[in-house]
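Chemist: no FASTA, just this:
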């Protein structure tokens, strides 16, 4: 038995979006309990020029979504990045999860050596399907999920490592 | 072509330890430039009951190391968690990298269904080799590397996403 690109991405993203959902719920409940405006958590940053909580969720969503687009060759589902509330973030995650579930496992087969070109503000990087997953998509996805957790933890939300890792 | 447990762990850990090394060097250089005591970065926490930078590096090291122990069936190399300086952290990473490089790829073959039991303060969890890698080792490794980055960023160190992801 060995692992496919699908195995190491889609189920991993689904599991961690489920964990992130529970972490966000704990954040919202904490704010309500403390009489803290939701915006204080949603807009929380670790330093002024780093993205706030809302954007961390958006980037985790995009990172997962583009694995389906680039490796599963599914048409992109644009999302507007206009989330303003915890309910909006949950809806964003739910849309992303549906998109991830819609991809056929077989459509990601034999994509290990596919050329994947990522273009950012600072230039473009060419990956293979495998290096795109291992060197970009997984590290970047966990970066944003972890930073969302770290932001809530920094603001005092009582989440713990088992919330991040998930139980079972 | 498909991926082995080795492919999705050892090279990923090696790449990200190289990135983490550069991030830590930028932290040390920033402290020196600002006349900040190294301890202010090494002991930085996002909140008082969360582990400081030094422990984030130790836990990333342990997480990677135990993949080799549990799946590669190599005897554990105990490390004392006594790092106190940036030089100590670099030495810790170097020892971990040597340990990761020492494992024979073949020793991790056919370990997908191996029973892996993780015992923590709060109980024990039983994984397969595959679920241990995908549901614990990779998420936990990236958690600690990202949190190390987040701590330095929070303290003002000019690191960016490309330092985390690595170039090339």
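Modeler: Received the coordinates, thanks. Since the model is a prediction, treat every value here as computed from it, not as a measurement. Numbers count the residues shown, from 1 in each chain, chains lettered A, B, ... in the order given.

Chemist: Need the pLDDT of the closest residue to residue A:44 other than its chain neighbours.
Modeler: Leaving aside its chain neighbours, residue A:44 sits nearest to residue A:151 (4.7 Å; criterion: CB to CB, 6 or more residues apart in numbering or on different chains). C-betas here are computed from N, CA, C, even on glycine. What the model reports as pLDDT for residue A:151 is 98.

Chemist: Following element in sequence after whichever helix or strand residue A:151 is part of, please.
Modeler: Applying DSSP states H and E as the criterion places residue A:151 in helix A:138-154. Following helix A:138-154 in sequence order, the next helix or strand is helix A:161-165 (DSSP H and E).

Chemist: Please see if that next one touches chain B.
Modeler: Yes: on the criterion CB under 8 Å from any CB of the partner chain, helix A:161-165 is in touch with chain B at A:161, A:162, A:164, A:165.

Chemist: May I see the buried residues of that helix?
Modeler: Within helix A:161-165, the residues that count as buried by 16 or more other CB atoms under 10 Å in any protein chain shown are A:161, A:163, A:164, A:165.

Chemist: What of stretch A:125-133?
Modeler: By neighbour count on 16+ other CB under 10 Å, the buried set for stretch A:125-133 is A:125, A:127, A:129, A:130, A:131, A:132, A:133.

Chemist: so which of those residues comes closest to chain B?
Modeler: Minimum distance to chain B across the buried residues of stretch A:125-133 is 7.0 Å, recorded for residue A:130 (CB to the nearest CB).

Chemist: in chain A, which ranges drop under the pLDDT threshold?
Modeler: By pLDDT under 70, the weakly predicted segments of chain A are A:1, A:168.

Chemist: Any idea which residue of it lies closest to chain B?
Modeler: Of all residues in chain A, residue A:142 sits closest to chain B, at 3.5 Å by CB to the nearest CB.

Chemist: any idea how far the spatially closest residue to that residue that is not a sequence neighbour is from residue A:28?
Modeler: Of all residues not flanking residue A:142 in the chain, residue B:142 sits nearest, at 3.5 Å (CB to CB, 6+ apart). Separation of residue B:142 from residue A:28 (CB to CB, to the nearest Å) stands at 25 Å.

Chemist: Neighbour count for those two, which is higher?
Modeler: residue B:142 (23 against 20; other CB atoms under 10 Å in any protein chain shown).

Chemist: and that one, what does it touch?
Modeler: Residues near residue B:142 by CB atoms under 8 Å, 6 or more residues apart in numbering or on different chains: A:138, A:139, A:142, A:143, A:146, B:16.

Chemist: okay, these in JSON lines with distance to residue B:55 next?
Modeler: Below are these laid out as JSON lines (distance: CB to CB, whole Å):
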{"residue": "A:138", "distance to residue B:55": "23"}
{"residue": "A:139", "distance to residue B:55": "21"}
{"residue": "A:142", "distance to residue B:55": "18"}
{"residue": "A:143", "distance to residue B:55": "19"}
{"residue": "A:146", "distance to residue B:55": "15"}
{"residue": "B:16", "distance to residue B:55": "17"}
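
Chemist: Just the closest of the residues you listed to residue A:39, please.
Modeler: Nearest to residue A:39 among the contacts of residue B:142 is residue A:146, at 22.1 Å by CB to CB.

Chemist: count of neighbours near the closest residue to that closest one other than its chain neighbours?
Modeler: Spatial nearest neighbour of residue A:146, chain neighbours left out: residue B:146 (4.0 Å); criterion: CB to CB, 6+ apart. Per other CB under 10 Å, the neighbour tally for residue B:146 reads 25.

Chemist: same check, this time on residue A:119
Modeler: Look at residue A:119: counted by other CB under 10 Å, it has 8 neighbours.

Chemist: Kindly report the same for residue A:109.
Modeler: Residue A:109: 14 neighbours (other CB under 10 Å).

Chemist: Do I have it right that it meets residue A:7?
Modeler: No: contact between residue A:109 and residue A:7 fails when scored by CB atoms under 8 Å: they sit 11.0 Å apart.

Chemist: which ones are touching the residue nearest the centre of chain A?
Modeler: Residue closest to the average C-alpha location in chain A (CA atoms, centre = their mean): residue A:60, at 2.1 Å. With contacts taken as CB under 8 Å, 6+ apart, residue A:60 has the following neighbours: A:16, A:17, A:20, A:141, A:144, A:145, A:148.

Chemist: Quick check: chain neighbours aside, which residue is closest to it?
Modeler: residue A:144 (3.9 Å).
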